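Colleague: below are the sequence and a predicted model for it; my questions follow.
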2 protein chains.
Amino acid sequence: MLSNASKYAIRSVLFLAENSSRIQKFGAKHIATELEIPLHFIAKLLQQLAKAKVISSTKGPRGGFFTTEKDLKNNVCAILDIIEMGDVFEPCFMGLPRCGDENPCPVHHIVSPFKEAILEKFKHQSIAAFSKEIEEEGSYLSLKGIDFGNNSNP
Amino acid sequence: MLSNASKYAIRSVLFLAENSSRIQKFGAKHIATELEIPLHFIAKLLQQLAKAKVISSTKGPRGGFFTTEKDLKNNVCAILDIIEMGDVFEPCFMGLPRCGDENPCPVHHIVSPFKEAILEKFKHQSIAAFSKEIEEEGSYLSLKGIDFGNNSNP
DNA sequence: ACATAAAAAGATAAAATAGTATTTTTTCAA
DNA sequence: TTGAAAAAATACTATTTTATCTTTTTATGT
């Protein structure tokens, strides 16, 4: 549903939202290491996002990527608009050309509410709010180096 | 989430479930036209499915693909097992390597119930039952030639 | 001014997915 | 028993996605 590019981009922006500021920037290398994603791949994505003003960046020594208050007013869809072309959630799960409420595919009534829920979040919830929710919920952008000590895998 | 190959395969099998029998077979060409999918592509997929005994086929004149009572006892996951490699629904929506209930990604609690619902259907509902449901619900495998007469597009 | 750190830009390569074409084999029916 | 219809098998091409590498530009601290 989401391409790797989108997943990487979203996680990176949310990472910046949680950790960066005008005086606390992060290089592509740092982000790549932190989120365990390919350096050059994420670098290009971050550049696209910066160019489109979804995030901010400065060149040179002590430069890097960061988010401003204004950046945080964006939502996840703003990211997807840059990375993907066309609506990611538009196409029918079963591949029917004109699947919709009136002429549904066999799983339309299962897929449709899910799409709405995720779209609601991505479209109407600011990056700032999304980021805050992540903290409150205790969910993760990266599991790097985290050992939850579940003895299921010795 | 599903590849085009999977979507084509599922729709084709459900089409056969609804329309075919031991004495009513369909050639790849017919199915391709009916479901508006590429002929040679679906032909290859149908061959794979027939080889794996998910559907049946006979060569020669009056031959074609069809489903037997036994075939209909399969479920959609049997199709996916042939076409895709690895679990289609396993990977995390956000791309976290070990996302799960204990260490969730930021959208885990939205995605998880959806995956369970669709997996329940694909895993535990027979093709026969799926097909029956399609008839009862009035949902579609193809919208070819169907004009719903909504005046939104004149 | 100069060396350096970092982003920006561009070129290219590898892999996966999607789709096409051709040939061979099987089977039915005349 | 032979011709044709259809699946089966094989080989190939194209496109998209993913990933890497190289060079250029910009800003900063000394």
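Modeller: Looks like it came in fine. Numbers count the residues shown, from 1 in each chain, chains lettered A, B, ... in the order given.

Colleague: all helices for chain A, in order.
Modeller: Ranges of helices in chain A, per DSSP state H, are A:4-19, A:28-35, A:39-51, A:76-83, A:108-124, A:127-137.

Colleague: burial check on the residue in chain A that DNA strand C sits nearest to, number of neighbours?
Modeller: Of all residues in chain A, A:G27 sits closest to DNA strand C, with a separation of 3.2 Å (C-beta to the nearest atom of the strand). In this view, the C-beta of every residue, glycine as well, is placed from N, C-alpha and C. Using other C-beta atoms under 10 Å in any protein chain shown, the number of residues around A:G27 comes to 16.

Colleague: give me every residue that touches it.
Modeller: Counting by C-beta atoms under 8 Å, 6 or more residues apart in numbering or on different chains, A:G27 touches A:63-65.

Colleague: what residues does chain A put near DNA strand C?
Modeller: Chain A comes close to DNA strand C at residues A:25-29, A:40, A:43-44, A:46-47, A:50-51, A:57-65, as judged by C-beta under 7 Å from any atom of the strand.

Colleague: apply 10 Å and report the result again.
Modeller: Neighbours of DNA strand C within chain A, by C-beta under 10 Å from any atom of the strand: A:25-32, A:39-41, A:43-51, A:55-66, A:95.

Colleague: just the buried ones among the residues you listed, please.
Modeller: The neighbour count (16 or more other C-beta atoms under 10 Å in any protein chain shown) marks A:25-28, A:31-32, A:43, A:45-46, A:48-50, A:55-57, A:64-66, A:95 as buried among the residues of chain A next to DNA strand C.

Colleague: how about the contacts of A:G27 in JSON lines, adding pLDDT?
Modeller: What follows is the contacts of A:G27, written out as JSON lines (pLDDT from 0 to 100):
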{"residue": "A:G63", "pLDDT": "90"}
{"residue": "A:G64", "pLDDT": "92"}
{"residue": "A:F65", "pLDDT": "94"}
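
Colleague: so which of those comes closest to A:K132?
Modeller: A:F65 (20.2 Å; C-beta to C-beta).

Colleague: nearest residue to the closest one in space, please, no chain neighbours.
Modeller: Nearest non-adjacent residue to A:F65, counting by C-beta to C-beta, 6 or more residues apart in numbering or on different chains: A:S57, 4.8 Å away.

Colleague: quick one, grab the pLDDT at the one you found.
Modeller: Predicted confidence (pLDDT) for A:S57: 94.

Colleague: again, but for A:S21
Modeller: A:S21 carries a pLDDT value of 92.

Colleague: what residues are up against it?
Modeller: By C-beta under 8 Å, 6+ apart, the contact set of A:S21 is A:66-67.

Colleague: what bridges to it?
Modeller: Beta-bridge pairing for A:S21 (DSSP bridges): A:Q24.

Colleague: and for A:A129, the neighbour number?
Modeller: Neighbour tally, A:A129, other C-beta under 10 Å: 15.

Colleague: could you check the pLDDT of it?
Modeller: At A:A129, the model reports a pLDDT of 96.

Colleague: any idea how far it lies from chain B?
Modeller: A:A129 sits 12 Å away from chain B, going by C-beta to the nearest C-beta, to the nearest Å.

Colleague: now swap in A:A9 and tell me
Modeller: Counting by C-beta to the nearest C-beta, the gap from A:A9 to chain B is 10 Å.

Colleague: give the contact list for that residue.
Modeller: The contact partners of A:A9, by C-beta under 8 Å, 6+ apart, come to A:42, A:45-46, A:49, A:79, A:82-83.

Colleague: surely A:I31 meets A:E18?
Modeller: No: using C-beta atoms under 8 Å, A:I31 is not in contact with A:E18; the gap is 11.7 Å.

Colleague: much appreciated, bye for now.
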